[in-house]
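Chemist: Any chance you can model this:
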Amino acid sequence: MKLIRCEFNIDTASVELRFNDGTEISIYTPGVDDEICPTVPMQTEIDWLIYNEPLTYARLVFSGELEQYAMDMAGTHGMID
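Modeler: Next comes the predicted model:
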């Protein structure tokens with residue numbers, strides 16, 4: 001399976017991945033947030049990832065490392081970045 005598209009769909013609040021075999025995976029971002037209960041600085045970092053690097057976001061979600069990443073990176077990307 002080869003990834004052919006990864007993007008944030010603002011209408012569904014989901015990061016969507018599409019593969020060359022027709023498989024589609026959708027990550028509902030508010031659901032992920034509910035699971036890790038991020039602080040405001042952590043949420044800012046998560047939001048930055050969702051909009052700017054959705055593939056990195058997806059990789060962190062699947063690996064279970066999103067919360068640690070957000071804690072480590074909190075404050076890195078401000079509202080203007």
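
Chemist: where does this structure have low pLDDT?
Modeler: By pLDDT under 70, the weakly predicted segments of the chain are 75-81.

Chemist: the strands in it, which residues?
Modeler: 3-9, 14-19, 24-28 (DSSP state E).

Chemist: Highest average neighbour count across the ones you listed: which stretch is it?
Modeler: strand 14-19 (a mean of 18; mean count of other CB atoms under 10 Å). Just so you know, the C-beta spots here come from the backbone N, C-alpha and C atoms, and that holds for glycine as well.

Chemist: Format the CA atom coordinates belonging to that strand as CSV.
Modeler: Only the C-alpha atoms of strand 14-19 are listed here, as CSV (Å, rounded to 0.1, in the frame of the first residue of the first chain):
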residue,chain,number,x,y,z
SER,A,14,-10.5,15.0,10.2
VAL,A,15,-7.0,14.2,8.9
GLU,A,16,-7.7,12.0,5.9
LEU,A,17,-5.3,9.5,4.4
ARG,A,18,-5.8,7.8,1.0
PHE,A,19,-3.8,4.9,-0.3
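
Chemist: What residues does residue 15 make contact with?
Modeler: By CB atoms under 8 Å, 6 or more residues apart in numbering, the residues touching residue 15 are 6, 7, 8, 9, 26, 27, 29, 50, 54, 57, 58, 61.
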